[in-house]
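1. have a look; sequence and predicted model below, questions after that.
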Protein chains: 4
Amino acid sequence: MVTNDQIIKFCHDNLVIDYLDVKVLERDAQIILELTVDERHVNLYNICHGGVLTTMADTAMGAACLALGKKVVTISLTIEFMHAVSFGSTIFTRATVLHNGHQTMTCECEMLNADGKLFAKVHAIFFVIETLDG
Amino acid sequence: MVTNDQIIKFCHDNLVIDYLDVKVLERDAQIILELTVDERHVNLYNICHGGVLTTMADTAMGAACLALGKKVVTISLTIEFMHAVSFGSTIFTRATVLHNGHQTMTCECEMLNADGKLFAKVHAIFFVIETLDG
Amino acid sequence: MVTNDQIIKFCHDNLVIDYLDVKVLERDAQIILELTVDERHVNLYNICHGGVLTTMADTAMGAACLALGKKVVTISLTIEFMHAVSFGSTIFTRATVLHNGHQTMTCECEMLNADGKLFAKVHAIFFVIETLDG
Amino acid sequence: MVTNDQIIKFCHDNLVIDYLDVKVLERDAQIILELTVDERHVNLYNICHGGVLTTMADTAMGAACLALGKKVVTISLTIEFMHAVSFGSTIFTRATVLHNGHQTMTCECEMLNADGKLFAKVHAIFFVIETLDG
């Protein structure tokens, strides 16, 4: 059984997460990633760079796979941006596993603000490189 | 006419690019982005985080749109990872515009090492928010 | 206001839907597409061709946009296949609009069997070419 | 060694290809798929349904994998539509393998008219289910 503390540690093992100041939190027994957009994250339009949101989403999906005892690497990822995430706003994400296969997994995650407004949706395929003992 | 100096400045206006230590270079009159993977970029498997590569690719595609006089925001992006990019390796990317529409543009970019080996390929759709005077 | 009868007619205006024998049904006041896989739909592994499922999904998403009074064309579409859909099985799909923008819309749809098992998930971006009067 | 005759037969094993009247041709020792858009393929805007183009592309990519001795199933596929393919026009496609892995393969294909104008681009990930003897 993988604990939430182990999942939080896993997220921080991606140093880029700390570097970008993405918070990793436990809420209602689930792992949530949170980002407040500052000058490090924005482009010249003063909105969050899509790569920053993708980094956050990819990490959240890897965490969701680990919660099921699977260590994975990303094969492919698609992100759809619906609204610009402006300077100063806070975005939350939590990933869901759609398909928990032996060799591949499919995940998605929604990127929302505190009001539940959807800013981006991400879906990705992962290759399973290790299955942890139950 | 947008100069390469303007495109290089545009890339650096995304502070995350400097923050991640992505270099923006002119080579054969074209803009190339270059990353040497260090401890800031890797995950626990010691390979480059997919979000870092996506950040680099998204910026390169925005630069390719600007070279055609278009300011854009990303609508959707898909990245396919073919090989792990290991610690210490150097990756180059340069984007191509496949479709230069009035309202939307389609771009792709290849992420290669110095030997031309393909590590990832990215495709994205952009929304045109401003067209610069020719 | 667009009626369900108009949406059903719209689906059948795509002759390929009839040609592939996809049913268009109203259930709980919503439009559902249904396919029972036969010899026309399978590949040499006797599973449903991914293009057939994509055709069904793309039509369902166009119908969901029309239900909101928007006529659209597809800009990009991503489908993820989680389980093979074998000969003789029946698949249902119903699309959801994630983002109802003035110029672009984002939709998704799940492809399920009668037990609710998820076989494929599809996301797509649409360009709005006409907005019907409310 | 897989012959072009075997690849052509493989394409036709997808009955939907014949059903949609997609031609499978050998040109310059490579397999090309060709479609002339008629009333079966169009939607109410009189342009080719995206699902028809996806069906053609998915088959072309499966053929490209078979040419390398691999039998595959599609894991995920993304298509980007750049121009409408109008009634009466003819579209050609030929797929390229970008990554020929043991367990997964990455392919792309361009959908062009006879003048080489690009109408759509497709990329997909495949899972290898059988490797034919060399």
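-> Done, it's in. Remember, predicted model here, so these are calculated numbers, not experimental data. Numbering: from 1, shown residues only, chains lettered A, B, ... in the order given.
2. chain center to the lengthiest helix in chain A: distance?
-> For chain A, the helix with the greatest residue count under DSSP state H is helix A:50-67. Distance of helix A:50-67 from the chain centroid (Cα atoms, centre = their mean, to the nearest Å) equals 3 Å.
3. what about it and chain D, any contact?
-> No: Helix A:50-67 stays clear of chain D (Cβ under 8 Å from any Cβ of the partner chain), getting no nearer than 14.0 Å. In this view, the C-beta of every residue, glycine as well, is placed from N, C-alpha and C.
4. likewise for stretch A:125-134?
-> Yes: shown here: stretch A:125-134 in contact with chain D (Cβ under 8 Å from any Cβ) through A:125, A:127.
5. may I see the buried residues of that stretch?
-> A:125-128 (16 or more other Cβ atoms under 10 Å in any protein chain shown).
6. and what of stretch A:75-91?
-> Buried, per 16+ other Cβ under 10 Å, within stretch A:75-91: A:75-82, A:85, A:89, A:91.
7. my read: A:Leu132 touches A:Gly69, true?
-> Yes: if you go by Cβ atoms under 8 Å, A:Leu132 and A:Gly69 touch, sitting 4.2 Å apart.
8. what touches both of those two?
-> Between them, A:Leu132 and A:Gly69 share these contacting residues under Cβ atoms under 8 Å, 6 or more residues apart in numbering or on different chains: A:Val2.
9. show me where chain A has its strands.
-> For chain A, the strands defined by DSSP state E occupy A:23-27, A:30-36, A:70-81, A:90-100, A:104-112, A:118-131.
10. other SSEs contacting the last one?
-> Judged by 3 or more Cβ pairs under 8 Å, 6 or more residues apart in numbering or on different chains; DSSP states H and E, the packing partners of strand A:118-131 are helix A:50-67, strand A:70-81, strand A:104-112, strand C:70-81, strand C:90-100, strand C:118-131.
11. the longest one close to chain C?
-> It refers to helix A:50-67. No: Helix A:50-67 lies out of reach of chain C by Cβ under 8 Å from any Cβ, never closer than 12.7 Å.
12. save the helices and strands packed on strand A:118-131 as TSV, and put in mean pLDDT too.
-> Shown next, in TSV, are those (pLDDT from 0 to 100):
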stretch	mean pLDDT
helix A:50-67	97
strand A:70-81	97
strand A:104-112	98
strand C:70-81	97
strand C:90-100	97
strand C:118-131	97
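13. find the nearest non-adjacent residue to A:Asn14, please.
-> Of all residues not flanking A:Asn14 in the chain, B:Asn43 sits nearest, at 4.8 Å (Cβ to Cβ, 6 or more residues apart in numbering or on different chains).
14. if you could redo that for A:Glu26, that was the one I meant.
-> Per Cβ to Cβ, 6+ apart, closest to A:Glu26 is A:Asn4, 5.0 Å.
15. from B:Thr93, how far off is A:Val73?
-> Per Cβ to Cβ, to the nearest Å, A:Val73 is found 20 Å from B:Thr93.
16. actually A:His83, sorry about that
-> Distance of A:His83 to B:Thr93, computed by Cβ to Cβ: 27 Å.
17. now swap in A:Ile75 and tell me
-> In terms of Cβ to Cβ, A:Ile75 sits 19 Å off from B:Thr93.
18. D:Asp115 is nearest to which of the helices and strands packed on strand A:118-131?
-> Closest to D:Asp115 of the helices and strands packed on strand A:118-131 is strand C:70-81 (Cβ to Cβ; 22.0 Å).
19. which elements pack onto the closest one?
-> Judged by 3+ Cβ pairs under 8 Å, 6+ apart, the packing partners of strand C:70-81 are strand A:118-131, strand B:70-81, helix C:50-67, strand C:104-112, strand C:118-131, helix D:50-67, strand D:70-81.
20. same thing but 6 Å
-> For strand C:70-81, the contact count by 3 or more Cβ pairs under 6 Å, 6 or more residues apart in numbering or on different chains; DSSP states H and E identifies helix C:50-67, strand C:118-131, strand D:70-81 as packing neighbours.
21. what's the closest of the ones you listed to A:Ala60?
-> Nearest of the helices and strands packed on strand C:70-81 to A:Ala60, taken as Cβ to Cβ: strand C:118-131 at 17.1 Å.
22. just want the angle from the closest one to strand A:104-112.
-> 40 degrees (axes from the mean of the first three to the mean of the last three Cα atoms, to 10 degrees).
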